[in-house]
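Undergrad: only geometry, no sequence info:
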């Protein structure tokens with residue numbers, strides 16, 4: 001391969017374990033002939049999901065993103081690969097509640113995948129307002145629009161970082177998990193909350209950066225040699241969302257069957273063997289960044305995992321109940337702070353004030 005056409009990365013080989021098998025029959029039974037919507041559809045997770053949903057033969061696929069170029073490319077690609085699927089491409093920020101309401105009212109989705117979010121942990125520490133606005137307030141707009149339109153189920157990618165979160169990003173995801181669970185108790189859509197782990201090769205991820213640095217002959221930067229994570233491939237990430245959509249629980253949290261934790265240094269070494277075979281990577285330690293911790297647990301101490309009969313995914317049991325009214329009040333306080341252009345410290349304090357948890 002040339003520098004313009006580098007060797008593609010086999011992310012499954014990087015994990016060192018067999019990959020789960022997609023249950024296409026179950027997915028087609030749930031999504032086939034239905035209206036399906038995806039927010040954040042132009043992203044590195046949304047675009048493959050949109051193609052996978054199109055494979056199931058929905059009657060209509062609504063793809064929503066604020067980024068014009070990404071949405072344009074996705075619409076063109078779907079038209080070429082799935083001409084039989086009616087695709088509605090909607091340019092919209094998920095915080096635009098009235099636009100979401102109109103979009104869902106025109107063609108009520110049976111299943112909504114709400115992927116639109118900000119996700120970079122260090123950036124969340126720098127800009128709490130942006131992360132609170134998009135992740136938390138955007139989720140409220142989605143929940144309200146989905147509830148008004150009678151959406152049956154929302155699938156939401158949360159994160160392992162939402163468990164006892166040290167990061168601002170994790171705190172936003174924890175509050176959104178609570179929003180969805182509170183909405184279910186109030187008669188809103190059923191929800192599947194997918195606690196993601198690190199997705200190899202996703203936009204802006206450490207492995208993507210490692211590959212770029214290795215191909216350029218530069219040192220690989222690692223924040224801490226002891227840092228370890230659970231890792232899944234992009235195809236496993238898509239499977240998680242699709243299998244999550246097939247569950248019947250009114251509110252369920254799921255996690256991937258992700259094998260064992262692997263240190264970030266080991267991931268860098270495995271990538272080096274693919275990108276620059278025969279050469280050990282030059283690793284430069286930069287120190288942990290704000291909001292990071294050495295390991296991310298899949299479940300809290302009081303939670304446990306059960307099989308759901310679908311490959312690559314486990315359901316979480318023992319989740320702490322939430323006070324729906326207190327969740328609404330917490331989000332209202334956050335919205336009021338954002339409207340007042342409150343200091344970042346006040347926004348942060350509101351996100352970490354989890355008075356909506358029920359002991």
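TA: It's in. Model, not experiment: these values are computed from the prediction.
Undergrad: Where does residue 138 sit: helix, strand or coil?
TA: Three states are possible here, and by DSSP: H, G, I helix; E, B strand; the rest coil the one that applies to residue 138 is helix.
Undergrad: can you pull the contacts of it?
TA: For residue 138, the contact set (C-beta atoms under 8 Å, 6 or more residues apart in numbering) comprises 93, 94, 95, 116, 117. In short, each C-beta sits where N, CA and C put it, glycine included.
Undergrad: measure the second one to residue 269 for me?
TA: Going back to what we said before, that points to residue 94. Remark: distance between residue 94 and residue 269 (C-beta to C-beta, to the nearest Å) = 38 Å.
Undergrad: swap in the third one?
TA: Distance of residue 95 to residue 269, given as C-beta to C-beta: 41 Å.
Undergrad: Settle it for me: which of those two has more neighbours?
TA: A count of neighbours by other C-beta atoms under 10 Å puts residue 95 above the other of residue 95 and residue 269, at 18 against 15.
Undergrad: What about the nearest residue to residue 14 once chain neighbours are set aside, how many residues nearby?
TA: With C-beta to C-beta, 6 or more residues apart in numbering as the criterion, residue 14 has its nearest non-adjacent residue at 5.0 Å, and that residue is residue 270. When neighbours are defined as other C-beta under 10 Å, residue 270 has 20 of them.
Undergrad: could you say which helix or strand contains residue 270?
TA: Residue 270 is part of helix 264-275 when elements are defined by DSSP states H and E.
Undergrad: For that helix, give the mean pLDDT please.
TA: On average, the pLDDT along helix 264-275 is 91.
Undergrad: list the contacts for residue 19?
TA: Residues near residue 19 by C-beta under 8 Å, 6+ apart: 12, 233, 235, 236, 312.
Undergrad: and which of these is nearest residue 52?
TA: Distances from residue 52 to the contacts of residue 19, taken as C-beta to C-beta, are shortest for residue 235 (9.0 Å).
Undergrad: neighbours of that closest one, just the number please.
TA: So residue 235, with other C-beta under 10 Å, has 17 neighbours.
Undergrad: ok, now how distant is it from residue 167?
TA: For residue 235, the distance to residue 167 equals 27 Å [C-beta to C-beta].
Undergrad: and what of residue 66?
TA: From residue 66 over to residue 167 (counting by C-beta to C-beta), the distance is 24 Å.
Undergrad: ok, these two, which is more surrounded?
TA: Regarding residue 66 and residue 167, a neighbour count based on other C-beta under 10 Å identifies residue 167 as having more, with 21 against 18.
Undergrad: how deep is the closest residue in space to residue 214 that isn't next to it in sequence tucked in, by neighbour count?
TA: Of all residues not flanking residue 214 in the chain, residue 275 sits nearest, at 4.2 Å (C-beta to C-beta, 6+ apart). For residue 275, the tally of surrounding residues (other C-beta under 10 Å) stands at 18.
Undergrad: Would you agree residue 275 is in contact with residue 216?
TA: No: in this structure, residue 275 sits apart from residue 216 without contact. The criterion is C-beta atoms under 8 Å, and the distance is 10.1 Å.
Undergrad: What pLDDT is listed against the residue located most distally from the centre of the chain?
TA: Seen from the C-alpha centroid of the chain, the residue lying at the greatest distance (C-alpha atoms, centre = their mean) is residue 278, 35.1 Å away. What the model reports for residue 278 is a pLDDT of 82.
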